[in-house]
Structure formats: C-alpha cells, structure tokens
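> what shape does this take:
(chains A and B)
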Amino acid sequence: MSSQTADFEALLRQALAPVEPPVDLAERLEVTLVNLTELAADELDAWELGAMRDPRNWVRPGAALVVGTAAGAALVVMRARHRRHSEPESARIAAERALREVFGGARRILGDTRSR
Amino acid sequence: MATTDRTKAELDREFSDLYRAHLRDVYSYAYYRVGNHHDAEDLTEQTFLQAYRHFERAQRESDGRPLRPWLIRIAHNLAANFYRDRSRKPQTTIEDAASISAPHTTETLVEDREELKHVLEGVEQLPDDRREALIMRFALGMDNREIARAMGRSDGATKVLLHRAIRQLEEIVKAPEDELSA
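Numbers count the residues shown, from 1 in each chain, chains lettered A, B, ... in the order given. Below you'll find the predicted structure:
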C-alpha cells in the first residue's frame, strides 16, 4: 500500500469515526421491548375463545405469547445488568435488586398470561 | 421444562451481551446511513428488536461465528425499507457526528472539519454498495470477511468492492469543486 493510499485511508477513518449512541438510547430500547410485550398481549386479548377452538388459529396467538414472554424476559435481564453496570453499589445490594427485578418481571409476565 | 427455562435465560443473557457489545456499531452504521441522530436511534431500536425475534435461529445457524455481520445486515435491510417508505435520501451532518464521536477533539476539528466534510460529501456520492462497504470498514472496523457476510457477497468480491470504493472516493475528493458541480 502506498503512503498516499495509507494517508487517504487514515483520513477516511477520521471522517467516518464511530458515533457514540445517546445515553438514553438503552433506556428507550428497554421501553420498546416492554411495548412489544404489551403488543403481544393485546394480540392475544383480541382473540375470542371461540376462535381458539379451530386449530388453524392457534399459530398466531401462540407466536404472540412467545414473543411477549421472550421480550419481557430479555428486558428483565437487560435492566438488571444495566443497573449493575451504571450504579456503584455493593454486590449484595446489586444482587438483591437484580433478584427483585427478575421476580417482578416474571410475575408481570405470568400475570399477563394468566389474565388471558 | 426446567431445561427450556434455563436455555431461555441463557439466550436472554447472550442477547444482552450482544446488544451491549454492538450498540455503538449498529448506531454508527445507522447514523452514517440515514444522516441524522433521530432516525439513527429509530433504526438502531428496530434493528435490535428484529434481532431479538430471530436471535435463537441466528445463533443456531451462525455455527459459532460472530453475529455482528448479521446485526448489520438487519440494519441494512431496515435502512433500505426506511428510504423506500419515506422516499428520503441520506444526509450526513458532520457537525453533529463530530460533537458526539470521541476521536474528534476540538482543536483538530477546527483544522480538519472542512477536509472531513469534503470526504463525507464524497462518500454520499458513491453508489450504495460502495458507501456501505466503506462505512463497515472505517466506521465499524469490520474486516473483509465480516463485510462479505453482512453484504451477502464473496470475500473476493468484497475486496474488489472496497478497493474500487476507495479509488472512486479518492477521485471525487481530489476533483476540483467546479468539476463536481458541473
């Protein structure tokens, strides 16, 4: 590689420098995952029990349940880890908080599922 | 059932790791594709949501290879839809990018701003595939193999694509202003 090419590539690397995401983007992502969970719940609510008797209708609400539960669980993990990284607290307090998050999230997800 | 739960927890933890490791990559790619922070945030958000939905399958099929090219491919597809839906052209605002990205300091920015802006304007003039390859190489630091996977091309074709993109950009940047506007 010629030095001229190397110089140009260095210039290009500088022009296309990595862009740091805004600090609140992680939080926005968490909120969006919650919304996704709720969307999946609405999807299930919209189905009448009568329609469920037809096996051809089982796939869609089943998928909604999977997406909703999965997104909620991911959110719980992300939130617990986010707290752990962002707050300087003792390991015990962090562990207690993470456990509360996990159980609280699981309760919410299970509650949503049962209420259907 | 217990096995399923454990696997699910592992999957979520791995997705969380992926998200943390590549949030900046996806955001940088999105920013240089759409040219503003607002849309870049939306695109980043949508990318990770899509990724989450298909994470298990992607892991299964990746055979242990890094998932960054897969993430960037999702962002690429979403960006293509973004332009198709909104009939927009990418806009790059180097002032905004420079105020956030770490490598630019105030002193060098004053000296280099015009030159860097000129380079970015040149990047915008490149065909889509060449522009994307340059973003992946220089903004994300991806190697040829990763770029090839993200773009669905062979390693050889990607090497040629990058080479031509750099040559074309060099010509654009070196061309006199009046020649460009003619």
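> which SSE is the spatially most central residue of chain B in?
When C-alpha atoms, centre = their mean is applied to chain B, the residue found nearest the centroid is residue B:29 (2.4 Å). Per DSSP states H and E: residue B:29 is located in helix B:2-34.
> I'd like to know which elements the one helix or strand residue B:83 maps to is packed against.
Per DSSP H and E, residue B:83 falls inside helix B:68-86. In terms of contacts (3 or more C-beta pairs under 8 Å, 6 or more residues apart in numbering or on different chains; DSSP states H and E), helix B:68-86 is packed against helix B:2-34, helix B:37-62, helix B:144-151. C-beta here means a position set from N, CA and C on the backbone, and glycine is covered the same way.
> quick one on the thing from earlier: any residue of the helix holding residue B:29 up close to chain A?
Yes. Counting by C-beta under 8 Å from any C-beta of the partner chain, chain A is contacted by helix B:2-34 at B:8-9, B:12-13, B:15-16, B:19-20, B:23-25, B:27-28, B:31-32.
> my read: residue A:9 touches residue B:166, true?
Yes. Assessed by C-beta atoms under 8 Å, residue A:9 is found in contact with residue B:166 at 6.9 Å.
> between the two, which is the more surrounded one?
Ranked by neighbour count (other C-beta atoms under 10 Å in any protein chain shown), residue A:9 and residue B:166 place residue B:166 first, with 20 against 16.
> host element of that one?
Counting by DSSP H and E, the element that carries residue B:166 is helix B:155-174.
> could I get the buried residue list for that helix?
Going by neighbour count (16 or more other C-beta atoms under 10 Å in any protein chain shown), the buried part of helix B:155-174 is B:158-159, B:161-162, B:165-166, B:168-170, B:172-173.
> ok, now stretch B:62-76?
B:67-76.
> any idea how far apart the tips of that stretch sit?
18 Å (C-alpha to C-alpha, to the nearest Å).
> need the contact partners of that stretch.
With contact meaning C-beta atoms under 8 Å, 6 or more residues apart in numbering or on different chains, stretch B:62-76 is reached by B:18, B:22, B:25-26, B:29-30, B:33, B:43-44, B:47, B:50-51, B:58-59, B:132, B:136, B:140, B:142, B:146-152.
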